[in-house]
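Asker: A structural model of the following input is requested.
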Amino acid sequence: MGNARSKKIIDFIMKIIFLASAVITIILVAFIGGYVVSQGIPFFKHIPLFDFLFGTKWAPSGDKYGLAPMLVASALGTFGAIIIAIVIGVITAIVMVEILPPKLASILSAGVDLLAGIPSVVYGFWGLMFVVPVINEVIPNTIGQGSSLLAVIIILAIMVLPIVIRMTEVSLRAIPSELKEGAFALGASHLQYIFQIQLLAAKSGTLAGIVLAVGRALGETMAVILVAGNAAIFPKSITDPVRTLTANIALEMGYAYGLHQQALFATGMVLFLIIIGINCVVQILMRPKKEK
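Answerer: Sure thing, here's the model as predicted:
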């Protein structure tokens with residue numbers, strides 16, 4: 001009786017702890033989002049939302065706050081990085097799960113974990129000292145001398161690669177072995193099983209990894225600042241310098257005040273809403289699969 005009662009008490013305490021943790025997380029997200037919104041909303045009393053989102057010039061000294069160049073740079077940088085990360089990450093996960101011997105797979109897995117643990121500033125410094133000079137050497141006479149959208153894409157792709165690999169690997173390993181045995185019994189080849197059955201079955205986990213990778217790429221600041229060139233202009237080519245939304249906030253928040261500071265909070269609000277929107281879209285896309 002005593003053990004049963006103590007177990008009930010422990011279960012009750014653990015439920016309270018888990019519930020409290022969930023509530024604290026929700027409160028923190030709501031507080032951060034509410035604070036950013038409250039600081040950014042007053043900006044739109046001076047600058048219309050349409051002019052802010054689609055304006056082409058960012059010049060705080062002249063009260064011109066056009067976010068379009070940064071929106072385009074963030075979108076292109078994230079999109080390019082995610083495409084590269086999906087292709088390399090999914091293939092790497094397949095190799096780790098289905099092709100490599102367990103010992104080699106464990107070594108590669110440890111390398112992926114190490115890659116995920118490297119600080120973003122180290123990625124940025126490596127990009128500044130290696131990637132940027134290589135781009136300038138291969139494609140000389142560019143505006144940013146190697147500091148460019150291309151450098152941003154390369155660095156972000158490397159940074160989000162461990163997320164895609166790990167989430168895809170976990171999803172692939174979670175597929176029941178009976179599914180594989182059934183596919184082989186019906187005459188499917190190993191490649192047919194991987195690309196026509198296993199990847200489809202692991203789709204939800206892979207999508208979750210992609211969403212996390214998109215959030216990481218959109219929110220990255222320090223590494224991007226070091227390799228982007230930080231010019232608030234529309235990139236006419238992949239070798240032009242750019243400035244992302246996060247870089248714009250980080251570069252100017254230290255000295256901004258008044259309307260300029262409100263504009264940066266409004267930029268953070270836009271970024272916050274974009275990430276929420278991406279998560280909502282993915283949840284909608286995944287819902288029919290869950291219902292089945």
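Asker: Only C-alpha atoms from now on, for both contacts and neighbour counts.
Answerer: Noted.
Asker: What residue spans form the domains of this structure?
Answerer: 2-45, 49-291 (automatic domain parsing).
Asker: what would those domains look like in TSV with mean neighbour count?
Answerer: Converted to TSV, these look like this (neighbours: other Cα atoms under 10 Å):
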stretch	mean neighbour count
domain 2-45	13
domain 49-291	18
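Asker: Kindly reformat these as TSV and extend each row with mean pLDDT.
Answerer: Converted to TSV, these look like this (pLDDT from 0 to 100):
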stretch	mean pLDDT
domain 2-45	87
domain 49-291	88
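Asker: can you map out the strands along the stretch 151-292 of the chain?
Answerer: Taking DSSP state E, counting those that start in this stretch, the stretch 151-292 of the chain contains no strands at all.
Asker: quick one, helices of the stretch 51-200 of the chain?
Answerer: Under the criterion DSSP state H, counting those that start in this stretch, the stretch 51-200 of the chain contains helices at 68-94, 102-117, 120-126, 132-138, 149-173, 177-185, 190-193, 199-201.
Asker: Looking at these, spot the one closest to residue 62.
Answerer: Closest to residue 62 of the helices of the stretch 51-200 of the chain is helix 68-94 (Cα to Cα; 16.9 Å).
Asker: Which residues does stretch 151-158 contact?
Answerer: 77-78, 80-82, 84-85, 123-124, 127, 131-132, 135, 217, 220, 223-224, 227-228 (Cα atoms under 8 Å, 6 or more residues apart in numbering).
Asker: let's see it at 6 Å
Answerer: With Cα atoms under 6 Å, 6 or more residues apart in numbering as the test, stretch 151-158 has contacts from 77, 80-81, 85, 217, 224, 228.
Asker: what separates that stretch from the chain centre, distance-wise?
Answerer: 12 Å (Cα atoms, centre = their mean, to the nearest Å).
Asker: what's the distance between residue 166 and residue 48?
Answerer: Distance, residue 166 to residue 48, using Cα to Cα, to the nearest Å: 43 Å.
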